[in-house]
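Colleague: need a 3D model of the following:
(one chain, ligands or ions: 1)
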Amino acid sequence: MTLALGVLISGRGSNLMAILDAVASGTLDARVHLVASNRADAGGLEHARAAGVTTAFVDHRAFPDRASFERELVARLRDAGAEWLVLAGFMRVVTAELLDAFPGRVLNIHPSILPAFPGLDAQAQALAYGVTVTGCTVHLVDEGVDHGPILAQAALALEPSESRDDLAARLLPLEHALLIATLQRIAAGDLTVEPPASAGGRPQVRFRGGAPRAAGASEPRFGPRGAT
Ligand code: GRF
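Modeller: The predicted structure is shown next:
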């Protein structure tokens, strides 16, 4: 199944570029129907245009509240034919307005092993805490910040006295690889999402044949345990 993607960005767009490159090379069976940004100066918009992908600038400041901003995003995404969403450095918290329009089909990439270090500058948070291993997570998005069922994680051991920027630079290719591997497994029909087993529980995500892996990661441990 060719994944019909919408990608939301706010900045540089290297994860978006990884998606576009993987689509172009045939590594990822997907088509990017729309790249939308809440910032006109997001570098990723230029990349998208250069790749011939439709773009939209939707300024959150032009809307009275989050819900109306998200309604506009949903309308643009639906018009463009997007069925799955990737938040690729999208710096706005999303609510039910957006999530309910794409139920169980909104992914986020975050540069830490969640639930450790959600929020801004996860790399700096990891260094400040003094962990020896960090990594990245691809997860389904719920209404929490960097929160929701984990699809795949990849781990990276920290180098002694590594700077925040060095760590971020080493993590980025791992993020790209994990995101593409996860999307491709979804495109292949390997992901199932089952409702929570009990009220207030978490949806159960499973990949046929085991969770996606990213080349270059430390020996990975993916959740949920026992997923097949
Ligand atoms: C990445 O580190 C991603 O994990 C986080 O925001 C950053 C976006 O980078 N959510 P880019 O715009 O994809 O280069």
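
Colleague: for residue 107, give me its contacts.
Modeller: Contact criterion Cβ atoms under 8 Å, 6 or more residues apart in numbering gives 84-87, 138-141, 151, 179, 182-183 as the residues in contact with residue 107. Placement of C-beta: from N, CA and C, glycine included.

Colleague: a helix runs through it, doesn't it?
Modeller: No - using DSSP: H, G, I helix; E, B strand; the rest coil, the secondary structure at residue 107 is strand, not a helix.

Colleague: quick thing: my sequence starts at 21, can you match it?
Modeller: Got it, first residue is 21 now, which makes that one residue 127.

Colleague: my guess is residue 67 contacts residue 33. True?
Modeller: Yes - with contact defined as Cβ atoms under 8 Å, residue 67 reaches residue 33; the gap is 5.3 Å.

Colleague: higher neighbour count, the two?
Modeller: A count of neighbours by other Cβ atoms under 10 Å puts residue 33 above the other of residue 67 and residue 33, at 23 against 20.

Colleague: ok, so what distance separates the more buried one from the ligand?
Modeller: Distance, residue 33 to the ligand, by Cβ to the nearest ligand atom, to the nearest Å: 5 Å.

Colleague: once you drop chain neighbours, what's closest to that residue?
Modeller: Nearest non-adjacent residue to residue 33, counting by Cβ to Cβ, 6 or more residues apart in numbering: residue 64, 1.9 Å away.

Colleague: that neighbour contacts residue 39, correct?
Modeller: No - assessed by Cβ under 8 Å, residue 64 is found out of contact with residue 39, at 10.1 Å.

Colleague: what touches both of these two?
Modeller: Between them, residue 64 and residue 39 have 27, 108 as joint contacts when contacts are counted by Cβ under 8 Å, 6+ apart.
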